[in-house]
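> sequence and predicted structure below; questions after.
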Amino acid sequence: MIKYIIRRLLYLIPVLLGVSFIIFVLFNLVSGDPTAVLLGKNATARQMMELREQLGLNKPLFDQYLDVVRSAFTFDFGYSWATKQEIKQMIIQGAYPSLALSVPAFTIATILSLIISLVVAFYRGKGIDLFVRVTCIAGQSISALAYILFFQYFFAYKLGWFEISGFEFGFPDFIPFIALPAIIFILLSIGPDVRFFRTVILDEIYQDYVRTARAKGLSEVTVLLKHVLRNAMIPIITYVVIQIPTLILGALLLENFFSIPGLGGITLNALNSSDFPVIKAMAILSSVLYIILSLITDVLYTIVDPRVKLK
Amino acid sequence: MTTPSLLSVRNLVVDFQTGEGITRAVNNVSFDIPAGKTIGIVGESGSGKSVTSLAVMGLLQKPAAIIPQGEILFNGQDLLKFNDSQMRDIRGNQISMIFQEPMTSLNPVFKVGDQIAETIRIHRKISNKEAWDRAVDLMNQVGIPNPAASAHKYPHEMSGGQKQRVMIAMAIACEPKLLIADEPTTALDVTIQKQVLDLLFGLQQKYHMSMLFITHDLGVIGDIADDVVVMYRSNVVEKNNAKEIFYTAKHPYTKGLLACRPKLGANPRRLLTVSDFMDEAGIEKHVSAERVVVFDKESEKEKSSEILLEVKNLVTQFPIKGGFFGRTVDHFKAVNDVSFTLKKGKTLGLVGESGCGKTTLGRSILRLVEPSSGSIIYGGKDITHVYAEELRLLRRKMQIIFQDPYSSLNPRMTISEILTEPLNIHKVGNSKQERLDMAKELFDKVGLKVNQLNRYPHEFSGGQRQRICIARALMLRPEFVVCDESVSALDVSIQAQVLNLLLDLQQEFGLTYIFISHDLSVVNFIADEVGVMNGGKIIEMDKANNIYKNPKEAYTRALLSAIPKGLVKSDLSSLV
Amino acid sequence: KQNNFDEREINLISPEKIAGFDPINASDRYSGNEAGKVYEGLFEFHPLKRPYELMPNLAEALPIVSADGLTYTFKIRKGVLFHDSPAFQGGLGREMKADDVVYSIKRLADPKLNAKGWWLLDDRIAGLNEWKTKYSSAEATNYDEEIEGLKKIDYYSLQVKLKKPYPQFLYALAMPYTFIVAKEAVTHFGKEFLNYPVGTGPFILPKFEQSSMITYVRNPKFREKLYPSEGEEGDDKLGLLADAGKKIPLVDKINVHIITESQPKWLSFMKAKDDLLEVKDVNIQQAITPEKDLKGEHKEKGVRLFMNPVLDVTYFAFNHEEPIFKNKKLRQAMNLAYDRVGYNKMFHENTAFEANGPTPPGLAGQRKEFKNPYIKYDIELAKKLLAEAGYPGGKGLPTITVQTRSDTISRQQVEFFEKSMRKIGINIDVGMNTWPELVNKVTKKQHQMYTMAWGADYPDAENFLGLLYCPNQSPGSNGANYCNPEFDAVYKVATIMQDSPERTAMYEKLNESVAFDVPWVIGFHRTDIYLAQAWLKNFKHMEFNHSQFQYLNVDLEVKKQLIKKF
Amino acid sequence: MELIKENSLWKDAFKRLTKDKWALISLIIVLAYALVAIMAALGIVASDWAREVGAGNLPPSSEHWFGTDMFGRSVLAKVVRGTQIAMSVGLAASLIAIPIGVTLGALAGYFGGWVDDLITWLYTTFSSIPNIMLLISITMILGKGIFAVYIALGLTSWVTLCRLIRGEVMKHKEREYVQAAGAIGGGHLRKLFLHILPNVTHIIIINTSLQFQFAIKSEVILSYLGLGVQGEPSWGTMIDDAKLELSRGVWWQLASATFAMFLVVLAFNLLGDALRDSLDPKLKGK
Ligand SMILES: Nc1ncnc2c1ncn2[C@@H]1O[C@H](COP(=O)(O)OP(=O)(O)OP(=O)(O)O)[C@@H](O)[C@H]1O
Ligand SMILES: Nc1ncnc2c1ncn2[C@@H]1O[C@H](COP(=O)(O)OP(=O)(O)OP(=O)(O)O)[C@@H](O)[C@H]1O
Ligand SMILES: [Mg+2]
Ligand SMILES: [Mg+2]
């Protein structure tokens, strides 16, 4: 077990190498010279040259790549080119609102979808089943923008139930700010979730052991909640955990429209000002997170499914 | 029968709503189970046994299953009229059931202890602790070694036999009045089969349960059932006291069932099958005496001397992964230093309990698994190390019929595709049509209807699938075939047909077989020589009869004693 | 969260994220506005007087300028204190002195800092460029080294020597770039300096954090600075002089909400969460009637409308290095085919003014009576010219790609342009770019045409005419790479002249000459539209408004009254 | 011997499909969209989408069913035109993602060993970089336009498929029918492509149907970020316009684009499910 975990963590090395390579190629090589953007509308040619020197853009490519790799492993991302802020700080400050929004929303969405799909599974084949599936897809295919514009106008402005935009740090304070975006987030994710959970659960429901459970005299509900659910957990866990890294990037649209100063905005700004160090940091961070989470997934497997052994 | 009956099924009919329309699975079935007695239901696969039992449990798949008529009286009340919650009180409490498939019938993610305790907690007001203790006690009763520890195990950590015992423990947990056992032993190999049967019998006595015992093997039932109900094509064709049935079977199907099980004592040239006793329509035929004449293989088969296959010190091992980067740390010898020779046109039988390495040996000989050392000489040529191209040519001569007929057929290919594929690979026959014709011919020979050629595997019964596998193996006209448990998965009645088929084909094409099975009586019937395998070694090898008459190894004796006798007194002549 | 009436606070909106508070990088208007609340410069623009008039701020008076216009001598105001900060001994803000001015200007030139504002002093002050280059390769920059062009005379006075006349110099000293910072703070906070603004300004921000709101509190130690007692005529009628002579700042607290999307901006103003709203594109329709009057529903809430022309110009620049655009007739044809009226209606609700030339009205160098002959909408003439240009009905003319920003409005605007051009048979492709891409394409001259809006850095025509000055071509501000020797010759002379009728005449000449040479498809001078809540006092539209907020006031009584209506 | 007609998995898959009415309807819808897309591409319909048919921002009416946009162009025409973009984006993305995903996944699952390690590494690396980042950067690099969108979506979405296929192939390669194929002398390619792959098609199918909607929806996000299709009306840009229009009560662009999207996404879902079932002979007749 421990061995396994260590081994998996060592796996970070090749992955990080790969990630830093891709990022480097995508942003350093191919996207153009950042200095013009960084220096503003009155930039002089000479100054651009000096800045290029300072940012180490004149160094041989390989050295530049090495720098990327170095920061990937030291986690020392230095300072943003565009905002001149220390990236560690930016990320820490940005992570809070992002997570404050996405974590509760994500959790609720997952639980809600799970409940819905259990209900659907219970009434499988009946009309409500089809109905739920269709509504899910309907919900899915309405663009996030539509939700945001309408909800913000109606619930926040007209009814005044929620704050229109903004964010406040500190636990109970941020609730009125994140409530509405969270609701939209949930609406957006329920669709695909239910669709997936439903199939997984239905796959299990026709297994022999379910019949055994019934033969014991268990009620259908208990059968679903105890026997079926537990077995359906593996694919569900995978599906859920793999999404988490995307949460870190934050719900970009939501953050923009509700002026939540999260990582989504930071990343977008970085992309819009060719702020390479920040982009790099975000990419590396989320890939590290990805590896760690998939590791956690595997560990969770062993908990829900005794057949899984980590060697 | 004087004793008041605990359960009585009255003209039960079960239909299934399928895409093709309504199919009748159980037609007008009636029988009684007196308190404390055991009723056996016998019948071939698909005859409606399970459906009947599921109907009693009220576990039929709604809405697919419909019960247009009949009643199931339990203590005089009609279970069919019960609502869900009433039914739940009955299930697992008054009536409980052991299912056909022990492997899949336990929930893989819960400790077996919990799964047993659960049953108790549903129906008895007791604490978890007590329930758990009771579960352990039960596991003790069903003879699971060191129950306290085993209770903490998960299903996948137990052998097939143990799983089945857990199922039994679960079933008897609330001391039900009626225990339904649906083919509790088919999935197990003989040695374990025996133990399980004894166990069930013992428990039934101990708790004075009534038992509904379902099987397709009359031999099995002989030992435990009081009365026997014979089902055929969803009808009850014969009911009688168990003793009686063996002497005075009336219905031709019953006679067939009795006759078709190979007996260790006798060596008929062919086995009798149900079809010898009745035709498709079920009309009785007269059995020609010639068919049951007992004969001696030695004199019968011409002595051939040419050696086709020679295996020298064959070892096949599987790596055991482990260590930091999942390196191979050790090897597991599935086949351990096996040597033997096989003459052309003869059959070598391999017996041994599950996991002893039979399959691996068979596959190693065909180089489907790479042997680690030793040599295989086929037709005078060492083929241990020949390369891909040559190997592919060899495949034309050497074929294998796989252990599990179902999983060895690609579920998404039609039968014609499956059968013509070998021809395509080896460029036999020059036109599509020609190949198809060859397929039809063989398909016909293994006794299947040509118009079924473009069905999919799942649309055939187990026996038919096995025939398809055989047909595929023979498409390339091989001279040597490994039959891996080719009949273990089948009903005795169908088993007989397949065995006969194999014999006929051997006669016709002069085939050489290695016949793998864990059932001594089957091997004894078909093989000239028998090798007994244990732990990857061949521990005893001799003429079939000798092995049977005077086994040298204790292990061999154990195997022999495990074979269900039926009522051995009964001998075939009494049938004719 | 409820509006509170006990505190004298005002709520403002910043439509852009704020990066930090280092003045030398406060390049865009919005970071300038924030810096302007905590920092101050030597000069500032008078909050009420128009046309814009410089008045001394940290400087005691306007400088004494030598006859040759090269030597400036400044007197510094006494008793100006920096904000309290751990950077100073005892944490108490010390007095601001001449050294600080010298230091702050030098920072702008510090090669290690690569300030965005450097262009402002580039090649202007004697010895400064040399100093810059000297240390560009060195380990650390030595601020103690004297520069002949930048000398402190005593604690409260300093002298600046220019290389060549630089009439805009005083404007430069009113811009955020040259706000005065304290050396201690810079050294104490190091790289974090931009998050710990320590200025002399009317408001205090102890620490800046990336968030959706920045909150400033009044600076209790702020010097005796009074609200002006005269302004443009009519100001008193507007009540802009009500607070005349009062000590500023007049409010205790300023909250700046950072809201980038237009809908939430609009909604939160309409919910009275904010007191002032800069109305942009979409919301214009919601704010005003076609008659450019405030809509009734807002009127009754007491909301006030401010519409003022801005010193800016929008244009579709040709890349004059593209052979096809050497063809003047083509350029003229495209100008004539551009339906400015329709455009103005659709995107500005008719609030913008068709531009006759680069220089916006309100600046010396723009004759009211001058009409650019090519900005009228004349399809027929356009077709004719296009034919003369050698592309009858657009035949033979390749599809032209117009690069623009990738936001919705920009896209729609170029789509509109495309529509206009199609009418005379010219095919246009829309090229959408993220900001960096667009800048790159322009600076690398990898474009055929692109759209741009230029806002004044200071109220001087030079700032606009420079957009067409050959030496300024890419990567400079002349993205059209327009080169016209006569133009350049005149420009060179004019820009080093002190403000004078002659200079104005030359500016006018330049402004009008390009009208005929059509270096751009010229667009508009836009109008700033502001909505202010009834209780926000002393707001007057201001172009260079970073110093304006200290004068704002709030009438809590009115607010209590009206808030119910929201 | 009576003659028996040829038949194959796909043939009777289709036969069964046509029996299921929902599937049939979905199929028709999808085909209809495809047809519209093709006709739009050939310029048979909506070629004049850019023409002004009336005043700007007219609400839906008898002569403009879906109303008009700010430039007075028919929203209906734009929706139709957008169909072409949406479908082609979905198709292209799938055409890129599926071959890559399937081949790599299959190879990794079948051969295991270092091949597996390499491919696993590849997709772990890819999937560990935030999708949106890849999307944005790739579109930036390739320069704007439909083509960039194709590539970007294709390159970002092969990963999931690859992972799924790998897992399935691993399962199947242990099944006896694969060994049986070996026993009759079939080589690796035959085992992999003729035996295993047909047994994992359902995954590919489902994934494709998801692929399509993912692609169509991403196009919307990309448009919001200004990285979408250009000079052509796409559903994405139409929905993006709504950002500025809704406040003026102009809802019809948003509504029509959304509805167009909903219909096709729904159709793809139902069709995907139905196709999976019909491709599974066991469910024959169910
Ligand atoms: N869910 C179902 N849907 C349709 N038909 C079914 C269903 N379950 C069983 N049948 C049909 O009912 C008949 C009897 O099935 P049953 O399982 O009782 O046979 P069995 O006697 O138990 O055979 P085996 O010995 O193989 O278990 C078979 O023809 C089978 O095809
Ligand atoms: N691919 C494999 N990897 C590792 N171990 C294997 C593998 N195949 C078989 N074994 C092991 O080799 C031993 C012999 O397996 P084999 O299948 O030959 O037994 P068997 O005699 O055929 O049993 P059964 O009667 O159940 O078929 C078993 O313990 C099995 O666990
Ligand atoms: Mg059964
Ligand atoms: Mg075996």
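Looks like it came in fine. Ligands and ions are numbered 1, 2, ... in the order given.

> please, where are all the strands along the stretch 201-350 of chain B?
Per DSSP state E, counting those that start in this stretch, the stretch 201-350 of chain B carries strands over the ranges B:210-215, B:227-232, B:235-241, B:307-322, B:327-343, B:347-351.

> quick one: closest of those to D:Gly249.
Minimum separation from D:Gly249 across those (Cβ to Cβ) falls at strand B:307-322, 67.0 Å. In this view, the C-beta of every residue, glycine as well, is placed from N, C-alpha and C.

> so the closest one versus strand B:327-343, what angle?
170 degrees (axes from the mean of the first three to the mean of the last three Cα atoms, to 10 degrees).

> before we move on, the earlier item: just put the strands of the stretch 201-350 of chain B in TSV and tack on mean pLDDT and distance to chain A.
Shown next, in TSV, are those (pLDDT from 0 to 100; distance: least, Cβ to the nearest Cβ, whole Å):
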stretch	mean pLDDT	distance to chain A
strand B:210-215	91	14
strand B:227-232	90	21
strand B:235-241	89	24
strand B:307-322	85	6
strand B:327-343	85	10
strand B:347-351	91	29
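
> mean neighbour count and distance to B:Leu368 added to those, as TSV?
As requested, these are arranged in TSV below (neighbours: other Cβ atoms under 10 Å in any protein chain shown; distance: least, Cβ to Cβ, whole Å):
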stretch	mean neighbour count	distance to B:Leu368
strand B:210-215	25	34
strand B:227-232	24	39
strand B:235-241	18	43
strand B:307-322	17	10
strand B:327-343	16	13
strand B:347-351	26	16
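
> wait, which of these is closest to chain C?
Chain C sits nearest to strand B:327-343 of all the strands of the stretch 201-350 of chain B, at 48.8 Å, using Cβ to the nearest Cβ.

> what does chain D put close to chain A?
Those residues of chain D that sit near chain A, judged by Cβ under 8 Å from any Cβ of the partner chain, are D:121-122, D:124-134, D:136-138, D:140-141, D:213, D:217, D:220-221, D:224-225, D:239-240, D:242-243, D:246-247, D:254, D:257-258, D:261-262, D:265-266, D:269.

> okay, and which of those residues map to helices?
Residues from these lying in helices, with DSSP state H as the criterion: D:121-122, D:124-128, D:131-134, D:136-138, D:140-141, D:213, D:217, D:220-221, D:224, D:239-240, D:242-243, D:254, D:257-258, D:261-262, D:265-266, D:269.

> among those residues, which ones are buried?
D:122, D:124-128, D:131-134, D:136-138, D:140-141, D:213, D:217, D:220-221, D:224, D:239-240, D:242-243, D:254, D:257-258, D:261-262, D:265-266, D:269 (16 or more other Cβ atoms under 10 Å in any protein chain shown).

> find the centremost residue of chain B, please.
B:Ala489 (3.2 Å; Cα atoms, centre = their mean).

> helix, strand or coil: sort out that one for me.
coil (DSSP: H, G, I helix; E, B strand; the rest coil).

> ok, which stretches of the stretch 251-400 of chain C are helices?
Along the stretch 251-400 of chain C, the stretches classed as helices by DSSP state H, counting those that start in this stretch are C:262-270, C:281-287, C:296-299, C:328-337, C:340-348, C:379-388.

> mind putting those into a markdown table with mean neighbour count and distance to chain D?
As requested, those are exported to a markdown table (neighbours: other Cβ atoms under 10 Å in any protein chain shown; distance: least, Cβ to the nearest Cβ, whole Å):
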| stretch | mean neighbour count | distance to chain D |
| --- | --- | --- |
| helix C:262-270 | 23 | 6 |
| helix C:281-287 | 19 | 4 |
| helix C:296-299 | 12 | 14 |
| helix C:328-337 | 23 | 16 |
| helix C:340-348 | 17 | 7 |
| helix C:379-388 | 18 | 15 |
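
> so where's chain C shaky on pLDDT?
Within chain C, the ranges that satisfy pLDDT under 70 run C:1-4.

> quick one: contacts for the closest residue to chain B within it?
Per Cβ to the nearest Cβ, the residue of chain C with the smallest distance to chain B is C:Lys191, at 43.1 Å. Taking Cβ atoms under 8 Å, 6 or more residues apart in numbering or on different chains, we find C:Lys191 in contact with A:79, A:84, A:86.

> what pLDDT does residue 141 get?
Answering for chain A, as no chain was given. A:Ser141 carries a pLDDT score of 76 in this model.

> hm, I was asking about chain B
What the model reports for B:Gln141 is a pLDDT of 87.

> that one against B:Leu203, yeah?
Yes - B:Gln141 is within contact range of B:Leu203, at 7.2 Å (criterion: Cβ atoms under 8 Å).

> pull up the overlap in contacts between those two.
B:Ile172.

> in which helix or strand would I find residue 233?
You didn't pick a chain, so chain A it is. Here A:Met233 sits within helix A:229-248, counting by DSSP states H and E.

> contacting residues for whichever residue of the stretch 451-576 of chain B sits closest to ligand 2?
Scanning the stretch 451-576 of chain B for proximity to ligand 2 using Cβ to the nearest ligand atom identifies B:His518 as nearest, at 5.4 Å. Contact partners of B:His518, counting by Cβ under 8 Å, 6+ apart, are B:189-190, B:351-354, B:358, B:485, B:488.
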